[in-house]
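Asks: here is my input; please provide its structure:
(2 chains)
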Number of protein chains: 2
Amino acid sequence: MKFTAAISIMPLKEILDPQGKVVTNSIKNLGLQEIQNVRVGKHITLEIEAQNRVLAQEKVDQACKQLLANPIMESYTFELQDAIKSS
Amino acid sequence: MKFTAAISIMPLKEILDPQGKVVTNSIKNLGLQEIQNVRVGKHITLEIEAQNRVLAQEKVDQACKQLLANPIMESYTFELQDAIKSS
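Replies: Got it, this is the predicted structure:
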């Protein structure tokens, strides 16, 4: 079975996010004073081949832990979906 | 009312994603051959003060169009949620 995973990786709340601060200020300069506390992270999509959903989840979790996210500075969440069969 | 928005900004499918290609290869080197077609984009969270959900959506859309996403190379989606009242 083929799944697609959508992973969101964000800087931990306790950690300063300089890029987010800059974006917050830039947004204010656009006249959108209502927007606050912008934080910028990564969004990663990937395709994964696995026998079932549980195995796919394990693989994605492993990829996040070993490569995609830095657990000291970042937290991650992901969602798995069945890939639409195009073949 | 206060809302939080979670915005995902991804490179368009027609556009090459060199960072994603590198991650795809690195993941293979980790022994996760099952993972393919990694694409890397941005995930942005922000807080927004607005009278109602429709107005909040308009503001977030405006911020995406004017600042956060580059419509020539990227597509964006976002979700709005009621912020949990902490005051």
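
Asks: for the rest of this, base every contact and every neighbour count on C-alpha atoms.
Replies: Fine.

Asks: contact residues of chain A facing chain B?
Replies: Contact residues, chain A versus chain B (CA under 8 Å from any CA of the partner chain): A:8-10, A:27, A:32, A:34-50, A:59, A:63, A:67.

Asks: in strands, which of the residues you listed appear?
Replies: A:8-10, A:35-49 (DSSP state E).

Asks: what about the helices in chain A?
Replies: A:18-29, A:53-63 (DSSP state H).

Asks: got the contact list for A:Lys28?
Replies: Shown in contact with A:Lys28 (CA atoms under 8 Å, 6 or more residues apart in numbering or on different chains): A:Ile35.

Asks: low-confidence ranges, chain A, go.
Replies: For chain A, the stretches flagged by pLDDT under 70 are A:85-87.

Asks: list the contacts for the nearest residue to A:Gln51 once chain neighbours are set aside?
Replies: Of all residues not flanking A:Gln51 in the chain, A:Met1 sits nearest, at 5.6 Å (CA to CA, 6 or more residues apart in numbering or on different chains). Residues near A:Met1 by CA under 8 Å, 6+ apart: A:Glu49, A:Ala50, A:Gln51, A:Asn52, A:Asp82.

Asks: now do A:Met73
Replies: Contact analysis of A:Met73 by CA under 8 Å, 6+ apart lists A:Pro11, A:Leu12, A:Ile15.

Asks: most surrounded residue in those residues?
Replies: Counting neighbours by other CA atoms under 10 Å in any protein chain shown, A:Pro11 comes out on top of the contacts of A:Met73 with 21 neighbours.

Asks: shouldn't it be in contact with A:Pro71?
Replies: No - A:Pro11 is beyond contact range of A:Pro71, at 9.3 Å (criterion: CA atoms under 8 Å).

Asks: run a quick neighbour tally on the closest residue to A:Leu46 other than its chain neighbours.
Replies: Residue nearest to A:Leu46 in three dimensions, not counting chain neighbours: B:Val38, with 4.3 Å by CA to CA, 6+ apart. The tally of other residues near B:Val38 (other CA under 10 Å) stands at 23.

Asks: quick one: buried residues of stretch A:27-45?
Replies: Neighbour-count burial for stretch A:27-45, counted by 16 or more other CA atoms under 10 Å in any protein chain shown, picks out A:27, A:32, A:35-45.
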